[in-house]
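*Asks:* All I have is the shape, not the residue letters:
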Ligand SMILES: Cc1cc2nc3c(=O)[nH]c(=O)nc-3n(C[C@H](O)[C@H](O)[C@H](O)COP(=O)(O)OP(=O)(O)OC[C@H]3O[C@@H](n4cnc5c(N)ncnc54)[C@H](O)[C@@H]3O)c2cc1C
């Protein structure tokens, strides 16, 4: 018997209202949205966000969800792409009380919950840290002790997102380890990594456990390619290396 699966249905657009705005760095802002009717989500999923101009012109883009599921509140974190259509507005102009639309959650592949076990290696390039932060927050929220290492690559200290929260969670020394690598400019007295992620760095991040558990890689398409391949060479089975690429997304109507 041939089973023909129905194509995945996109959920309906829901009205959303920003209720809190947090500046993460000069180019990045976290936006907490209140979305009545939000069905909940799992760590790693994303949503579509749609803006409508006064003349009816609409533009939609994908954004990962940074927060754990908590009622009808969702937090996304947006980095400004210069000359972009949507992200400069979200980072610099959107205000509490404005209206926009979202639909989701989207994605069932790039998801981690504690039931899947560990250890877990999270590898982020720039704003690719956003869905991985949802996984880190989920671990904390449910009091899990599953070992997680977050290896986070950024160009310069001023690009860091979630800096205070990551430092606090790392300092708790409860099995969550955060490793930063700076590729262009390092903070004063920096003693950590100062190069692009390579095979040797990934092997160190895995630690004695080696290629056990799950690996999640998120960032630009070139970043994801540059990390996923060495992870597989180091012994991770392909099906346990999950990737998400933050390429251009969206639709204009
Ligand atoms: C599954 C998924 C999840 C995403 N999650 C996030 C997230 O959590 N946070 C976040 O900030 N972004 C995220 N993005 C990227 C986001 O969807 C938009 O592409 C981004 O905000 C740029 O939109 P824009 O309208 O400002 O730029 P556009 O007007 O679409 O593009 C302007 C120019 O920039 C280029 N460009 C567009 N997007 C990117 C990009 N991401 N990197 C480099 N160049 C780009 C375009 O090719 C074009 O030349 C995600 C993308 C996907 C596919």
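*Replies:* That came through fine. Fair warning: this is a prediction, and the values are worked out from it, not measured in the lab.
*Asks:* Show me the strands in the stretch 1-150 of the chain, by range?
*Replies:* Along the stretch 1-150 of the chain, counting by DSSP state E, counting those that start in this stretch, strands occupy 14-25, 28-34, 46-52, 58-64, 73-79, 100-106, 120-125, 148-154.
*Asks:* neighbouring strands for the fourth one, and are they parallel or not?
*Replies:* Using DSSP bridges, the strands paired with strand 58-64 in its sheet are strand 46-52 (antiparallel), strand 251-252 (antiparallel).
*Asks:* That one: which residues count as buried?
*Replies:* 59-64 (16 or more other Cβ atoms under 10 Å). In short, each C-beta sits where N, CA and C put it, glycine included.
*Asks:* circling back: highest mean neighbour count out of the strands of the stretch 1-150 of the chain?
*Replies:* Stretch with highest mean neighbour count among those: strand 120-125 (a mean of 26; mean count of other Cβ atoms under 10 Å).
*Asks:* Quick check: mean pLDDT of that strand?
*Replies:* For strand 120-125, mean pLDDT rounds to 98.
*Asks:* Show me what the nearest residue to residue 13 once chain neighbours are set aside is bridged to.
*Replies:* Sequence neighbours aside, residue 101 is the residue nearest to residue 13 in space, at 4.3 Å (criterion: Cβ to Cβ, 6 or more residues apart in numbering). Beta bridges link residue 101 to residue 15, residue 50, judged by DSSP bridges.
*Asks:* For residue 101, give me its contacts.
*Replies:* By Cβ atoms under 8 Å, 6 or more residues apart in numbering, the residues touching residue 101 are 13-16, 49-50, 52.
*Asks:* Residue 210: which of the residues you listed is nearest?
*Replies:* Proximity of the contacts of residue 101 to residue 210 (Cβ to Cβ) peaks at residue 49, which lies at 38.9 Å.
*Asks:* So the closest one is in contact with residue 102, correct?
*Replies:* Yes. Using Cβ atoms under 8 Å, residue 49 is in contact with residue 102, at 5.2 Å.
*Asks:* any residues in contact with both of these two?
*Replies:* Counting by Cβ under 8 Å, 6+ apart, the contacts common to residue 49 and residue 102 are residue 16.
*Asks:* SS state for residue 168?
*Replies:* On the three-state scheme (DSSP: H, G, I helix; E, B strand; the rest coil), residue 168 is labelled helix.
*Asks:* Could I get the pLDDT score of it?
*Replies:* In this model, residue 168 carries a pLDDT of 96.
*Asks:* Equivalent analysis for residue 129, please.
*Replies:* pLDDT, residue 129: 98.
*Asks:* Same check on residue 15?
*Replies:* We have a pLDDT of 98 for residue 15.
*Asks:* For the stretch 51-200 of the chain, which residues are neighbours of the ligand?
*Replies:* Taking Cβ under 6 Å from any ligand atom as the contact definition, the stretch 51-200 of the chain meets the ligand at 61-64, 76-79, 81, 83-87, 127, 130.
*Asks:* Closest one of these to the ligand?
*Replies:* Set against the ligand, the nearest of those by Cβ to the nearest ligand atom is residue 84 (2.0 Å).
*Asks:* follow-up on the earlier one: tabulate the strands of the stretch 1-150 of the chain (CSV), appending distance to residue 215.
*Replies:* Compiled in CSV, those are given as follows (distance: least, Cβ to Cβ, whole Å):
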stretch, distance to residue 215
strand 14-25, 25
strand 28-34, 25
strand 46-52, 19
strand 58-64, 17
strand 73-79, 22
strand 100-106, 21
strand 120-125, 4
strand 148-154, 10
